[in-house]
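Chemist: Coordinates for the following, if possible.
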Amino acid sequence: MTADGLLLDAMVRAIVVSQAAAGVSTPNPPVGAVIVGAHGEIIAAGHTQAAGGAHAEVVALRAAGAAARGATAVVTLEPCNHTGRTGPCTRALIDAGIARVVYAVGDPNPRAAGGADALRAAGVEVVSGIGAAEAADGPLRGWLHRQRTGRPVVIAKIAASLDGRVAAPDGTSRWITGAAARQDAHALRGVLDAIIVGTGTVLTDDPALTARHSDGSLFDHQPTRVVLGRRTISASATVCDGAAPTRIVDSRDPADALAAVPDALMVLVEGGPTLIGAFLAAGLVDEVHAYLAPVFLGAGANAVDDPAVTTLAQAHRFAVADVTALGDDVRLRLRRRSAE
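Modeler: Numbering: from 1, shown residues only. You can find the predicted model right below:
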């Protein structure tokens with residue numbers, strides 16, 4: 001394998017490692033780092049810890065110990081060059097004796113940028129852009145989106161029949177999709193910063209809105225639950241059980257829901273149909289996860305309610321990113337056509 005091929009393989013490993021920081025490191029970016037030896041072997045790896053904790057490079061360097069001297073550090077994001085709650089990663093890399101730093105994506109944050117220049121000034125070889133597209137579309141995506149737009153990536157989640165119904169005429173909706181689709185949705189919750197629902201959904205379904213394993217146990221990371229709407233939520237509602245942070249927002253404006261989680265990088269809008277329609281109408285939906293069950297209901301609640309759309313030309317259009325079979329169901333992952 002070529003030297004570039006070895007570096008790309010190491011970057012793929014760093015991206016995989018960074019997945020463990022998704023939702024955990026907020027508001028810091030979920031970065032992954034690996035320390036690579038002279039023959040391309042992985043010496044150590046690490047990911048960014050919770051806010052205030054060590055950054056990915058420092059975790060990897062600690063794991064590598066003395067073996068880091070003369071080695072290569074492969075990082076998904078340009079090492080930071082500023083002192084916040086922790087010291088600059090550039091200083092840690094230099095002090096550890098790293099000979100070369102390879103990173104995928106440049107840091108767009110002016111407070112932290114300049115890491116590459118600082119490393120070069122200290123005599124460290126720097127290579128940029130390896131695996132940039134893969135890293136930017138991985139766990140870093142939400143943080144990079146916030147840096148560019150000032151708001152989080154918004155994912156709308158729908159679980160529906162083939163004719164676009166999310167509930168039968170009598171209001172029953174559990175369960176339209178099967179266990180595999182539901183567990184996939186829980187895994188998604190487990191790496192996000194917030195889940196947003198309307199008061200109507202809470203009053204009708206009393207959902208927990210937690211990320212749970214198939215045995216019912218909670219994921220280590222729980223997203224903040226945001227309930228948007230004017231209707232009163234009882235203190236006995238399950239979303240008020242303390243299993244995850246909850247914020248009640250007395251408004252119907254989607255922007256107010258996002259403002260309730262100001263540091264969020266990735267959020268999920270779970271319903272109901274009126275709320276998803278409001279986010280679509282506001283142009284705030286970047287991605288859709290549509291779980292489709294092989295059933296027809298023929299009547300009942302629609303997946304989305306946006307009265308502003310009265311003609312096909314006004315439709316909210318998305319591009320298919322991927323299609324995944326989950327048991328008898330199918331997950332369509334869609335990206336907004338105008339998205340990055």
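Chemist: What is the three-state secondary structure of the spatially closest residue to Ala50 that is not a sequence neighbour?
Modeler: Residue nearest to Ala50 in three dimensions, not counting chain neighbours: Val24, with 5.5 Å by C-beta to C-beta, 6 or more residues apart in numbering. Where C-beta positions appear, they are placed from N, C-alpha and C, glycine not excepted. With DSSP: H, G, I helix; E, B strand; the rest coil as the basis, the three-state label of Val24 is coil.
Chemist: how many neighbours does Val24 have?
Modeler: Val24: 19 surrounding residues under other C-beta atoms under 10 Å.
Chemist: Against Arg141, how distant is it?
Modeler: To Arg141, Val24 is 15 Å away according to C-beta to C-beta, to the nearest Å.
Chemist: for Val267, same thing?
Modeler: As defined by C-beta to C-beta, Val267 lies at a distance of 13 Å from Arg141.
Chemist: between these two, who's got more neighbours?
Modeler: With neighbours defined as other C-beta under 10 Å, Val267 and Arg141 compare such that Val267 has more, 26 against 19.
Chemist: which residues are common contacts for Val267 and Arg141?
Modeler: Val153 (C-beta atoms under 8 Å, 6 or more residues apart in numbering).
Chemist: name the helices or strands packed onto the strand or helix carrying Arg146?
Modeler: Using DSSP states H and E, the secondary-structure element containing Arg146 is helix 141-149. For helix 141-149, the elements it packs on are strand 153-161, judged by 3 or more C-beta pairs under 8 Å, 6 or more residues apart in numbering; DSSP states H and E.
Chemist: Need the contact partners of the helix or strand just after the strand it packs on.
Modeler: Using DSSP H and E, the helix or strand that follows strand 153-161 towards the C-terminus is strand 165-167. Among residues not part of strand 165-167, those counted as contacts by C-beta under 8 Å, 6+ apart are 158-160, 173, 176, 271-273, 297-303.
Chemist: and the spatially closest residue to Ala325 that is not a sequence neighbour, how many neighbours does it have?
Modeler: The spatially closest residue to Ala325, leaving aside those adjacent along the chain, is Arg331, at 8.0 Å (C-beta to C-beta, 6+ apart). Arg331: 21 surrounding residues under other C-beta under 10 Å.
Chemist: how close does Arg331 get to Leu284?
Modeler: Arg331 is 21 Å from Leu284, where distance means C-beta to C-beta.
Chemist: How about Ala303?
Modeler: Computed as C-beta to C-beta, the Ala303 to Leu284 distance reads 17 Å.
Chemist: how about the helices of the protein, start to end?
Modeler: Applying DSSP state H to the chain gives helices spanning 3-18, 56-64, 89-95, 115-121, 132-136, 141-149, 179-189, 199-205, 254-259, 273-281.
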